[in-house]
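K.L.:
Sharing a model that was predicted from the sequence below.
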Amino acid sequence: MARPIITLTTDFGSADSLVGSMKGVILSIQPDAEIVDITHKVMPYDLLDGALAIGTAYKFFPPRTVHVVVVDPGVGTERRPVLATAGQHYFVAPDNGVLSMVYQSEESLTVRHITSEHYFLQPVSNTFHGRDIFSPVAAWLSKNGQSSAFGEEITDFVRFALPKPKPAGNGVKGVILRADNFGNLLTNLREEDLPQVLAGSNFKMRVGTAEISRLAQTFGNGGPNEPILILGSSGFFEVAVNRGSAAKTTGAARGAEVTVEFA
Amino acid sequence: MARPIITLTTDFGSADSLVGSMKGVILSIQPDAEIVDITHKVMPYDLLDGALAIGTAYKFFPPRTVHVVVVDPGVGTERRPVLATAGQHYFVAPDNGVLSMVYQSEESLTVRHITSEHYFLQPVSNTFHGRDIFSPVAAWLSKNGQSSAFGEEITDFVRFALPKPKPAGNGVKGVILRADNFGNLLTNLREEDLPQVLAGSNFKMRVGTAEISRLAQTFGNGGPNEPILILGSSGFFEVAVNRGSAAKTTGAARGAEVTVEFA
Amino acid sequence: MARPIITLTTDFGSADSLVGSMKGVILSIQPDAEIVDITHKVMPYDLLDGALAIGTAYKFFPPRTVHVVVVDPGVGTERRPVLATAGQHYFVAPDNGVLSMVYQSEESLTVRHITSEHYFLQPVSNTFHGRDIFSPVAAWLSKNGQSSAFGEEITDFVRFALPKPKPAGNGVKGVILRADNFGNLLTNLREEDLPQVLAGSNFKMRVGTAEISRLAQTFGNGGPNEPILILGSSGFFEVAVNRGSAAKTTGAARGAEVTVEFA
């Protein structure tokens, strides 16, 4: 019997004891759980950043993994807690759109409003549902595998669209979704948005102070301080600098506009 | 049989290989251990910050969990290593007060001076007892469950009191204990220190540049940039800003004075 | 049966979901793996820093541990992936020298060029071999224990020497290898480089703006703001300041020169 896996994705950082408390709650209910941190450094309150973190990582985990996602600026308000069964994975999260990229990726989708309070850690605080609701629900779910026990199915769950590229002039206009640890700039442009680039057409990409006209296979193909375009491992095009930081070189950050023009 | 749990709380940060070495030592002795990081970002050398980290998290773990706490500016000096049995938990730490909040919370308490050197990793360095003493002792303890094997009971162990609120004018004076990842400011004021506030009396709290007169149920009830008072999930009142940082808004940080006045 | 241990050492940081994806891949193949993070904060692209991280930590893990080390500026280029059997440990890494300190420490050493692509996660990306090659190879290796299944032995693997101390005047000249979380400055000087210091001779060490003439047993023996010399727990001499930061006090950082003179 494989150990049940529970992943955690939050904006709690790693300096506080919040994540430790969540793990204690999980292990008190489900001592066999293998708990895996995806990241706790989602930008505070940032639903898009959280959606990207879980959306790019979950599919590498085995079937029946339970993913706990807590980016929850509305904790303690009317926003609902939800349990989603999406493809072969489970997700426990606030109903605020943080699962949008998961919803978009999976055809088979059931979302439930978690209402079975006897699974909660009592008394439930107003400010830390990660510990009092999401963790114990994930732990109980990994024990009993009965998602229907946690509440009724809903169809009006919250979802948002990732920012979509738009046609612009002879090309397309996109946006920087985030910078990674190396300063690589993740755009919202996917393979299907720039087929000409992949086919070898000349292009001119503008982002921050930089103009880029070269698609490279990998980071090491770039010259010193040369911003290059890469088709990244998560399926999005990225701007990168070999052994450097594209964020620094271009001056661009999350939210910056990216334009691509063809001759 | 549930796997034995060993938690780690240190000020070692996550950039060095110190924590990795500790985990290697633990797993070499006790391969079944489930090792859980509470945090490694206690402020360097800061016993109060360490006491708060373990003090707010330990009680969410199952009985018989072994908690290793290493905030240890006196490593290699005369300060003793201790093993505390407190309530249903074990703690392995330097005898410098870092377990003070645990000592304060648990009525059933036995503290031993760890002297059984055959459990140590030899040779014991002068500067890294986390690896050479605390980790192996925790691992052996989780195997044999015999705390009495590690040394004699002592009663003169080091403990300090958390800073206590004081009466001031018509109200009370407290202090900011720490800022969390969101910039929420944790005060040393608990429910019993401000019963009037919970009962609905008018109050005026001053912290940094801010004056606060509103108790909110949760973060989301605050207006933009409005510092509000919250009864936090760890039992302390907190100053918070909805989707913002109270630390930035008020300019207050650890050690800042907080005053509460009633009309 | 002890659980198979797989450690991870990377420069990926903890804010992205890269490490989470690697863990998912490992657990999909080897659900029993105990995955241990050594650090993900190796300085980006820095092979020496990576070599030090794994080189100082691996020996504390049990025999047959599989260590995954991904500091990989040349990902997707001609650089080879390697599997090293060194002493009683396994290492999976790019062939760029990041295992140099391991190679230097172990007499029994076999290095293989990983070529068995059926163990890879398909399709293999050009930019994330941590996920697509190193993680699955580590997971399969921990299952089958057959290092020979992954490729042919090579002898021209890449290794570099750690910067070596040099004689200078009446003494020796070294370099700061890194600063740790406390600001302690790790030098490249070992016990055998400064036997006179350990024997009690007078010495004068210069690093940054500081002049040091005192060897202390441990941090706590230093006065306020006094930089002292310590024989650190990893076998290198370190410059430290009791309850302070030697990096701040001396103004020295990685790469700074250190000189030691004897009277």
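P.N.:
Done, it's in. Residues are numbered from 1 along each chain as shown, chains lettered A, B, ... in the order given.

K.L.:
If we go by neighbour counts, what in stretch A:109-117 is buried?
P.N.:
Buried residues in stretch A:109-117, counted by 16 or more other Cβ atoms under 10 Å in any protein chain shown: A:111-114. For glycine as for every other residue, the C-beta is placed from the backbone atoms N, C-alpha and C.

K.L.:
now stretch A:229-236
P.N.:
Buried-residue list, stretch A:229-236, by 16+ other Cβ under 10 Å: A:229-234, A:236.

K.L.:
Closest to A:Leu177 out of those?
P.N.:
Using Cβ to Cβ, A:Phe236 is the member of the buried residues of stretch A:229-236 that lies nearest A:Leu177, at 7.1 Å.

K.L.:
Which of the buried residues of stretch A:109-117 fall in strands?
P.N.:
A:111-113 (DSSP state E).

K.L.:
just how off-centre is stretch A:84-96 within its chain?
P.N.:
Relative to its chain's centre, stretch A:84-96 lies at 12 Å (Cα atoms, centre = their mean, to the nearest Å).

K.L.:
I figured A:Ala86 hits A:Arg112, correct?
P.N.:
No: assessed by Cβ atoms under 8 Å, A:Ala86 is found out of contact with A:Arg112, at 11.7 Å.

K.L.:
so what's A:Val25 up against?
P.N.:
Contacts here follow Cβ atoms under 8 Å, 6 or more residues apart in numbering or on different chains; on that basis A:Val25 touches A:121, A:131-132, A:135-136, A:139, B:60.

K.L.:
Kindly reformat the buried residues of stretch A:109-117 as CSV containing pLDDT and distance to chain B.
P.N.:
Listed next are those as CSV, based on pLDDT from 0 to 100; distance: Cβ to the nearest Cβ, whole Å:
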residue, pLDDT, distance to chain B
A:Val111, 98, 22
A:Arg112, 98, 23
A:His113, 98, 18
A:Ile114, 98, 18
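
K.L.:
Nearest to B:Gly169 among the residues you listed?
P.N.:
A:Ile114 (46.1 Å).

K.L.:
and that closest one, what does it touch?
P.N.:
Going by Cβ under 8 Å, 6+ apart, the list of residues near A:Ile114 reads A:80-83, A:92, A:133, A:137, A:150-151.

K.L.:
and of those residues, the nearest to C:Gly50?
P.N.:
The closest of those, once distances to C:Gly50 are taken by Cβ to Cβ, is A:Val92, at 35.6 Å.

K.L.:
Pretty sure that closest one sits in a helix.
P.N.:
No: going by DSSP: H, G, I helix; E, B strand; the rest coil, the assignment for A:Val92 is strand, not a helix.

K.L.:
Using CSV, lay out the contacts of A:Val25 together with pLDDT and distance to chain C.
P.N.:
Shown next, in CSV, are the contacts of A:Val25 (pLDDT from 0 to 100; distance: Cβ to the nearest Cβ, whole Å):
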residue, pLDDT, distance to chain C
A:Leu121, 98, 25
A:Arg131, 98, 21
A:Asp132, 98, 24
A:Ser135, 98, 17
A:Pro136, 98, 22
A:Ala139, 98, 18
B:Phe60, 98, 22
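
K.L.:
Could you identify which of those residues has the most neighbours?
P.N.:
A:Ser135 (32 neighbours; other Cβ atoms under 10 Å in any protein chain shown).

K.L.:
my read is it is in a strand, agree?
P.N.:
No: A:Ser135: not assigned to a strand; according to three-state DSSP it is helix.

K.L.:
Now do the contacts for it.
P.N.:
Neighbour list for A:Ser135: A:22-23, A:25-26, A:68, A:121 [criterion: Cβ under 8 Å, 6+ apart].

K.L.:
Then A:Lys204?
P.N.:
A:Lys204 is in contact with A:211-213, A:260-263, counting by Cβ under 8 Å, 6+ apart.

K.L.:
Please produce a ChimeraX select command covering the buried subset of those.
P.N.:
Buried residues within the contacts of A:Lys204, by 16+ other Cβ under 10 Å, are selected in ChimeraX with:
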select /A:212,260,261
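
K.L.:
filter the contacts of A:Lys204 down to the ones near chain C?
P.N.:
Here nothing survives when those are matched to chain C using Cβ under 8 Å from any Cβ of the partner chain.

K.L.:
with the contacts of A:Lys204 in mind, which one is nearest to chain B?
P.N.:
Among the contacts of A:Lys204, A:Ile212 lies closest to chain B (Cβ to the nearest Cβ), at 31.9 Å.

K.L.:
Not counting sequence-adjacent ones, nearest residue to that closest one?
P.N.:
Nearest residue to A:Ile212 in three dimensions, chain neighbours excluded: A:Met205, at 4.2 Å (Cβ to Cβ, 6 or more residues apart in numbering or on different chains).

K.L.:
so that neighbour is in which element?
P.N.:
strand A:203-207 (DSSP states H and E).

K.L.:
Could you please name the strands that strand pairs with and the direction of each pair?
P.N.:
With DSSP bridges as the test, strand A:203-207 is paired with strand A:210-212 (antiparallel), strand A:257-262 (antiparallel).

K.L.:
Of those, which is nearest C:Gly255?
P.N.:
Of all the strands paired with strand A:203-207, strand A:210-212 sits nearest to C:Gly255, with 29.0 Å by Cβ to Cβ.

K.L.:
related to what we said a few turns ago, mind giving me a markdown table with the contacts of A:Lys204 and columns for pLDDT?
P.N.:
Below are the contacts of A:Lys204 laid out as a markdown table (pLDDT from 0 to 100):
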| residue | pLDDT |
| --- | --- |
| A:Glu211 | 97 |
| A:Ile212 | 97 |
| A:Ser213 | 95 |
| A:Val260 | 97 |
| A:Glu261 | 96 |
| A:Phe262 | 93 |
| A:Ala263 | 81 |
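
K.L.:
Return the member of the contacts of A:Lys204 nearest to chain C.
P.N.:
A:Ile212 (16.4 Å).

K.L.:
In this structure the closest one contacts A:Ile228, no?
P.N.:
Yes: with contact defined as Cβ under 8 Å, A:Ile212 reaches A:Ile228; the gap is 6.5 Å.

K.L.:
residues in the stretch 101-250 of chain A within reach of chain B, list them.
P.N.:
A:125-128, A:131-132.

K.L.:
Could you identify the pair within these that is furthest apart?
P.N.:
A:Asn126 and A:Arg131 (12.0 Å).

K.L.:
which residues are in contact with both of these two?
P.N.:
Joint contacts of A:Asn126 and A:Arg131 (Cβ under 8 Å, 6+ apart) are B:Ser233.

K.L.:
right, and the residue nearest to A:Ile212 touches A:Thr259 too?
P.N.:
Yes: shown here, A:Met205 and A:Thr259 form a contact pair, counting by Cβ under 8 Å, at 6.9 Å.

K.L.:
So if I had to pick from those two, which one is more boxed in?
P.N.:
Between A:Met205 and A:Thr259, A:Met205 has the larger neighbour count (other Cβ under 10 Å), namely 26 against 14.

K.L.:
Right, I'll leave it there.
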